[in-house]
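A.B. asks: Show me the folded form of this:
(one chain, ligands or ions: 2)
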Amino acid sequence: MLKSFSFRIGLLFFALSAALLMGLRIFSYQQTIVTEEQEIRQIIQAHEDEIEHGIDRDGQRYATYLVDALTGQPDDKHLILAMKSGGKLHGNLKQWPAAIGKADGWYEAKVLFGRRTRAVDALVLLRHFKGGHRLLVGYDLARLEATKKALVPALIRDVWISVFAALLLTLLLLFLISRRLETVNEAYRHVMAGEIDFRVKDDGSRDEFAQLSQNFNDMMDWVASLISTLQDSTNSIAHDLRTPLARMRLRLQQMEQQPGLDAARHAALAECIEDIDQLTDIFNGILRIAKAEDLSIAREFDAVDLRRMLEDLADYYGAYLEGEGQGIALDLPAHPLYALGDRHLLSQGMANLIGNASKYGGAGGRISLSLKPSARQKGMVEMTVSDKGPGIPAEFRERVKERFFRMDASRNSPGLGLGLNLADAVVRLHRGKLLLEDNAPGLRCVVLLPELPHGVKPS
Ligand SMILES: Nc1ncnc2c1ncn2[C@@H]1O[C@H](COP(=O)(O)OP(=O)(O)OP(=O)(O)O)[C@@H](O)[C@H]1O
Ligand SMILES: [Mg+2]
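C.D. replies: Ligands and ions are numbered 1, 2, ... in the order given. Reported below is the predicted structural model:
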């Protein structure tokens, strides 16, 4: 999942948006606190200004009177006002705080004032006036603490809302991205299923995804034209060459049948005819493989009853194999199993495997043919062809699927090295896998095909 681009982008987007939303919430929380603190400073400053003006205007006695009057019946229970003049303390401060320094300015200190029985944290402003008078205006910070405390649950709730909002945004983003990507992915699936003409529809948008779809369509146009050119030329080469070859073979046969031909010439002509037959076989083999690699055949796929197909193959090859002293053992399920495919091509692929088992399995060997739901991969069926011959060493099990590859040990037996290549192409065309395994002794060829559940109509 970590490798998924959408997942990583989603995670990044989620982390960034959650951090941004949370950052904004925390910033607004701090702003509220800062604003409240500023308000407190303004209240203190306003009182200090008023008393200072009072001193300037009406003298010290009036200011002392003002302090006493304001704290006698306080409008604001958090306000601290004190004036020390001539050793006397006016205002609501019970004791001049020791922690406050000598210089004018702002301090944070613990003070005992009003009806409080315990000292509280307060923000205070200290001012000295002529004649040794000292004014202290302060504010109980309990209000600020109360605001902070009240805001914390709201902050936590807002953080959760931010995370949730970020999650919703991320899911929306992922949904939009994957919906656009899905159109191209779907197109790939159609093409892989053989609909080589399938193209992504133009939905009128002009973004990067539309560009991707357009590139896909252009690429498929190009691939389709290449395939058709290649198929046309393969077909015409095979066709054009087969006719002169057939004519040549006829002429050689006529020469071979001429009376009075000496034995050496007769043998040479027979060899030429054999070579021509082999060339014709190669062309036919290549044409068959080209057909198996033609994805457009998948459009005509139908439900194939694999159990029936193997029974027919066993019937068809049974007599021949009996003749070789080999025999065939069938292991089929009680119920039919189906795959979506081309019955003729599948039979041909399986026939190649049976042919190999007979050719390389050794005289007297028994060939086993079986069919069952696959235990290795869910939703797949498994057909096997096994023999008791020499088998194929592990290091050659992939190479023998290559065109024209034959093992040294097989050079003496007839063959072109095309049989497994065709079988492999047929199986891949059917979205399956051809596995070659050790049958200890011998070779086991396993054909894995996606099962078509019975009753499901191929679309
Ligand atoms: N059942 C088997 N046991 C041992 N070796 C095998 C078996 N099947 C295939 N091989 C090896 O794999 C090679 C390729 O097989 P493939 O069927 O492609 O070609 P071929 O049988 O030689 O020729 P043809 O084109 O006639 O099938 C064979 O030449 C042989 O060496
Ligand atoms: Mg073969």
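
A.B. asks: where exactly do the helices run in the protein?
C.D. replies: Ranges of helices in the chain, per DSSP state H, are 5-58, 60-72, 142-192, 208-256, 263-292, 306-323, 343-360, 419-429.

A.B. asks: which residue does the stretch 201-350 of the chain bring closest to ligand 1?
C.D. replies: Ligand 1 sits closest to residue 285 of the stretch 201-350 of the chain, with a gap of 6.3 Å, by C-beta to the nearest ligand atom. For glycine as for every other residue, the C-beta is placed from the backbone atoms N, C-alpha and C.

A.B. asks: now that residue, nearest residue through space, not along the chain?
C.D. replies: Counting by C-beta to C-beta, 6 or more residues apart in numbering, residue 418 is the residue found nearest to residue 285 once chain neighbours are left out, at 4.1 Å.

A.B. asks: That neighbour: what's it in contact with?
C.D. replies: 282, 285-286, 289, 403-404 (C-beta atoms under 8 Å, 6 or more residues apart in numbering).

A.B. asks: What's the separation between it and residue 120?
C.D. replies: 98 Å (C-beta to C-beta, to the nearest Å).

A.B. asks: before we move on, what about residue 312?
C.D. replies: Relative to residue 120, residue 312 is positioned 100 Å away (criterion: C-beta to C-beta).

A.B. asks: These two: which is more packed in?
C.D. replies: Higher neighbour count among residue 312 and residue 120: residue 120, with 18 against 13, using other C-beta atoms under 10 Å.

A.B. asks: so what's that one closest to, chain neighbours aside?
C.D. replies: Closest to residue 120 by C-beta to C-beta, 6+ apart is residue 140, at 5.3 Å.

A.B. asks: again, but for residue 300
C.D. replies: Residue nearest to residue 300 in three dimensions, not counting chain neighbours: residue 342, with 6.9 Å by C-beta to C-beta, 6+ apart.

A.B. asks: contacting residues around the residue nearest to residue 120?
C.D. replies: 77-80, 113, 120-122.

A.B. asks: and what of residue 238?
C.D. replies: Counting by C-beta under 8 Å, 6+ apart, residue 238 makes contact with 283-284, 286-287.

A.B. asks: pretty sure residue 67 contacts residue 89?
C.D. replies: No: if you go by C-beta atoms under 8 Å, residue 67 and residue 89 don't touch, sitting 10.0 Å apart.

A.B. asks: any common contacting residues for these two?
C.D. replies: What both residue 67 and residue 89 touch, as defined by C-beta under 8 Å, 6+ apart, is the set 82-83.

A.B. asks: I'd like the contacts of residue 418 as a markdown table, with pLDDT appended.
C.D. replies: Output for the contacts of residue 418, formatted as a markdown table (pLDDT from 0 to 100):
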| residue | pLDDT |
| --- | --- |
| 282 | 85 |
| 285 | 83 |
| 286 | 81 |
| 289 | 82 |
| 403 | 90 |
| 404 | 90 |
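
A.B. asks: Do I have it right that residue 89 meets residue 97?
C.D. replies: No: the criterion here is C-beta under 8 Å, and residue 89 misses it with residue 97 at 11.5 Å.

A.B. asks: Which of these two has more residues huddled nearby?
C.D. replies: For residue 89 and residue 97, the more surrounded residue by other C-beta under 10 Å is residue 97, and the numbers stand at 20 against 15.

A.B. asks: Next up, phi/psi of that one, please.
C.D. replies: phi -60, psi 130 (degrees, to the nearest 10).

A.B. asks: Next one: it relative to ligand 1, how far apart?
C.D. replies: Noted for residue 97: a distance of 101 Å to ligand 1, by C-beta to the nearest ligand atom, to the nearest Å.

A.B. asks: Tell me which residues touch that residue, please.
C.D. replies: Per C-beta under 8 Å, 6+ apart, neighbours of residue 97: 109-111, 124, 136.

A.B. asks: give me the residue from the stretch 351-459 of the chain nearest ligand 1.
C.D. replies: residue 419 (2.3 Å).

A.B. asks: Leaving out the residues flanking it, which one is nearest to that residue?
C.D. replies: In space, and not counting its chain neighbours, residue 419 is closest to residue 352: 3.9 Å by C-beta to C-beta, 6+ apart.

A.B. asks: repeat for residue 21
C.D. replies: Distances taken as C-beta to C-beta, 6+ apart place residue 162 nearest to residue 21, at 3.5 Å, with adjacent residues excluded.

A.B. asks: Tell me the confidence at residue 220?
C.D. replies: Model confidence at residue 220, given as pLDDT, is 94.

A.B. asks: Identify the residues contacting it.
C.D. replies: 191, 196, 198-199.

A.B. asks: burial measure for residue 39, as a count.
C.D. replies: So residue 39, with other C-beta under 10 Å, has 13 neighbours.

A.B. asks: Thanks again, I'm all set now.
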